[in-house]
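Student: Make a model of this:
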Amino acid sequence: MTTVSPQPAIRRGTKLLRQVLTANVTSLRWRHVMALVGFILVTGNVGFFHQLTAVYPISLTNAGFLLSLAVLVSALIVLLYSLFSLMIGNRLAAILLLLTTCMAAYFTDQFGLVIDYTMIDNVMQTDSRETQGLLSGSMLLCFVAFGVLPAAVLLRIPTLQVSRWHEWRRSGFLGLAAFLVAITSLTSFSDHYASFFREHKSVRYYVNPINPVFAISKYAARRLQQPIDTILQPILTDVQPSTAVDARKLVVMVVGETARSDRFSLNGYHRETNPHLNGELGLVSYPDVQSCGTSTAISVPCMFALSGQDHFEVATGRYTENALDVLQRAGIKVLWRDNNSDSKGVALRVAYEDFRDADRNPICDSECRDIGMLDGLQDYIDMQQSGDILIVLHQMGNHGPAYAERYPAEFEYFTPACQSNELSTCSQTEIDNAYDNAIRYTDYFLSEVITLLKDNTAEYDATMMYVSDHGESLGENGVFLHGMPYMIAPVAQRNVPVIVWEENHRLASEPAGIYSHDDVFKSLLTTFGVKKIDAIRGRSFLAERNKVLPSDLVSQGE
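Tutor: Next comes the predicted model:
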């Protein structure tokens with residue numbers, strides 16, 4: 001038997017390794033690296049130091065700790081740079097950090113946002129239209145001034161010609177030195193840091209580019225761990241087609257966008273933002289409802305999930321059945337119409353229609369309007385010869401920052417209204433006016449949904465349920481838009497409106513207690529007559545129907 005000696009392969013591998021290690025590369029001088037870190041610290045961390053000094057005001061007492069914290073952040077940036085340099089080279093690492101920093105700093109400084117895992121997930125799910133709504137002259141100026149121009153300078157400064165091995169050693173020594181400096185800073189003020197990390201965890205979300213890079217890495221790691229072929233996980237598999245013993249059910253669920261509860265006059269807001277819904281018989285507004293998240297990507301799939309907020313994961317939620325799957329299996333006709341980005345995975349297995357296109361939506365001017373989702377809906381209802389119907393309408397609603405784009409010109413009731421997506425160019429009054437006008441347009445839209453349902457009460461037991469996905473910050477404490485980490489998100493981003501209209505006026509006029517998105521799942525099952533569902537978490541926004549499915553529903557796993 002002939003054997004093959006491994007020596008030639010070893011020699012070739014050794015030669016290749018030697019060539020790699022001895023190959024010349026360009027290396028930034030250390031003074032340039034320090035200048036880079038200083039530039040990032042000063043221009044990219046305005047939001048961080050603003051939050052920090054709000055907690056630790058500049059004074060002789062706090063001076064030492066504040067200086068130590070600046071040194072610590074600088075050391076962490078150097079450490080991050082050295083790690084990137086080992087992987088992709090020092091010049092490319094520097095440019096990557098510059099561009100990441102300037103973009104994250106823009107959203108932090110302009111809107112008070114932080115770039116965490118949830119925000120990265122939102123970015124990855126944002127479509128081109130939503131991206132266009134965020135583009136502005138100030139963003140371009142920031143990107144050029146603090147990203148492109150410094151990167152161009154880096155490409156032109158003189159560099160050292162060293163071997164790759166020597167460059168790796170330099171990066172390693174730089175990282176080790178940064179690590180030692182960080183440890184020294186921590187131990188020098190250990191008592192201060194113990195209090196800082198325990199009592200003010202939220203401030204660390206603003207450290208740039210450390211937190212954005214960590215968030216991106218976390219997002220990438222989770223996506224890499226996610227199996228490519230994930231099997232759909234069924235829930236409540238014993239549901240069988242229902243047999244109605246009373247009128248057929250017609251339910252329209254409106255999923256709102258970026259509407260906050262305290263801007264509805266139904267809930268006590270001093271402005272008349274609900275002129276059409278006020279006084280509507282059979283209508284109940286729930287003023288104290290907590291959202292599942294502060295972004296569409298989390299809240300929409302979560303509100304339809306059986307798991308509830310505490311156990312919901314976006315990655316697994318997409319491959320787990322939701323309330324629409326359960327109801328469809330029970331024989332209910334389900335239709336999802338979307339005038340937003342998409343259903344975030346909720347409507348993957350039910351009938352879906354996209355109304356962001358003028359070819360389908362008949363009411364489009366500067367953008368396609370929510371009211372267009374009602375076009376042809378009566379024809380769809382008339383086509384259903386038997387069974388109950390659930391129609392979900394996903395609004396564009398109050399999606400910011402261009403609130404004035406969310407309603408037609410004739411709905412500009414409060415003036416002057418901010419006409420720009422650069423909120424910093426508008427006064428607080430102008431921002432409030434534009435946002436409240438968009439709420440009035442939602443009020444009109446919901447009243448038209450109720451009118452449609454009233455036209456069908458001869459054949460159906462009709463219900464409307466409106467649930468917003470999350471709220472919105474409008475400049476309170478310098479924070480705008482939404483998407484903050486839930487643990488530090490203001491109430492304005494977490495408190496959402498829920499409005500229910502029922503033909504037979506079965507609901508109590510004064511809903512008591514705090515509700516949440518966790519109650520949506522049970523509400524949908526309740527309104528279609530599912531009985532003995534006490535094991536399913538949550539309460540119902542809707543009155544229980546006198547109809548029983550042939551099989552009792554129990555919670556997953558029973």
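Student: what's the spatially most central residue of the chain in contact with, if anything?
Tutor: Nearest to the geometric centre of the chain sits Ser295, at 2.8 Å (C-alpha atoms, centre = their mean). Taking C-beta atoms under 8 Å, 6 or more residues apart in numbering, we find Ser295 in contact with Thr118, Met119, Asp121, Asn122, Asp469, His470, His482, Gly483. For glycine as for every other residue, the C-beta is placed from the backbone atoms N, C-alpha and C.
Student: residues contacting the first one?
Tutor: The reference is to Thr118. Residues counted as contacts of Thr118 (C-beta under 8 Å, 6+ apart) are Gly293, Thr294, Ser295, Ala297, Ile298, Gly483, Pro485, Tyr486.
Student: Show me the two of the residues you listed that sit farthest apart.
Tutor: Distances among those were taken as C-beta to C-beta; the most separated pair is Ala297 and Pro485, at 13.7 Å.
Student: Can you pick out the residue with more neighbours from these two?
Tutor: It is Ala297, of Ala297 and Pro485, that has more neighbours when counted by other C-beta atoms under 10 Å, with 22 against 16.
Student: contacting residues around that one?
Tutor: Taking C-beta under 8 Å, 6+ apart, one finds Thr118, Asp121, Asn122, Gln125, Val314, Lys344 in contact with Ala297.
Student: so Thr273 sits right up against Ala438, yeah?
Tutor: No - in this structure Thr273 lies outside contact range of Ala438 using C-beta atoms under 8 Å: 9.4 Å.
Student: Quick check on these two: which one has the bigger neighbour count.
Tutor: Using other C-beta under 10 Å, the more surrounded residue of Thr273 and Ala438 is Ala438, with 28 against 25.
Student: ok, and what's touching stretch 298-315?
Tutor: 118, 121, 222-223, 226, 235-236, 255, 291-293, 297, 317-318, 320, 322-324, 343-346, 394, 467, 469-470, 516-518, 520-521, 524, 536-538, 555-556.
Student: Now restrict the residues you listed to buried residues only.
Tutor: 118, 121, 235-236, 255, 291-293, 297, 317-318, 320, 322-324, 343-346, 394, 467, 469-470, 516-518, 520-521, 524, 536-538 (16 or more other C-beta atoms under 10 Å).
Student: Point out where the stretch 301-450 of the chain drops to low pLDDT.
Tutor: By pLDDT under 70, the stretch 301-450 of the chain has no low-scoring segment.
Student: hey, where'd the strands end up in it?
Tutor: 333-338, 351-354, 389-394 (DSSP state E, counting those that start in this stretch).
Student: just the stretch 451-558 of the chain next, same as before
Tutor: Using DSSP E, counting those that start in this stretch, strands in the stretch 451-558 of the chain cover 460-468, 473-474, 480-481, 495-502, 515-516.
Student: tell me the contacts of Phe49?
Tutor: Counting by C-beta under 8 Å, 6+ apart, Phe49 has no contacts.
Student: With Val251 instead?
Tutor: Neighbours of Val251 in contact, by C-beta under 8 Å, 6+ apart: Asp388, Ile389, Leu390, Ile391, Ala462, Thr463, Met464, Met465, Leu524, Thr527, Phe528.
Student: Isn't the fifth one up against Thr451?
Tutor: No - counting by C-beta under 8 Å, no contact exists between Ala462 and Thr451, whose distance comes to 10.8 Å.
Student: Look at those two and report which has more neighbours.
Tutor: Using other C-beta under 10 Å as the criterion, Ala462 and Thr451 rank with Ala462 on top: 25 against 11.
Student: Can you report how many residues neighbour the closest residue to that one other than its chain neighbours?
Tutor: Using C-beta to C-beta, 6 or more residues apart in numbering and skipping the chain neighbours, the partner closest in space to Ala462 is Leu453 (3.9 Å). Look at Leu453: counted by other C-beta under 10 Å, it has 23 neighbours.
Student: Could you report the pLDDT at Leu453?
Tutor: As predicted, Leu453 sits at a pLDDT of 97.
Student: Next up, the contacts around it.
Tutor: Per C-beta under 8 Å, 6+ apart, neighbours of Leu453: Leu250, Val252, Tyr460, Ala462, Thr463, Met464, Trp501, Glu503.
Student: Kindly recompute the last result at 10 Å.
Tutor: Leu453 makes contact with 250-252, 282, 381, 391, 460-464, 501-503 under the criterion C-beta atoms under 10 Å, 6 or more residues apart in numbering.
Student: now do Ser343
Tutor: Contacts of Ser343 by C-beta under 10 Å, 6+ apart are 255, 296, 300-301, 304, 322, 324, 336-337, 350, 352, 354, 392, 394.
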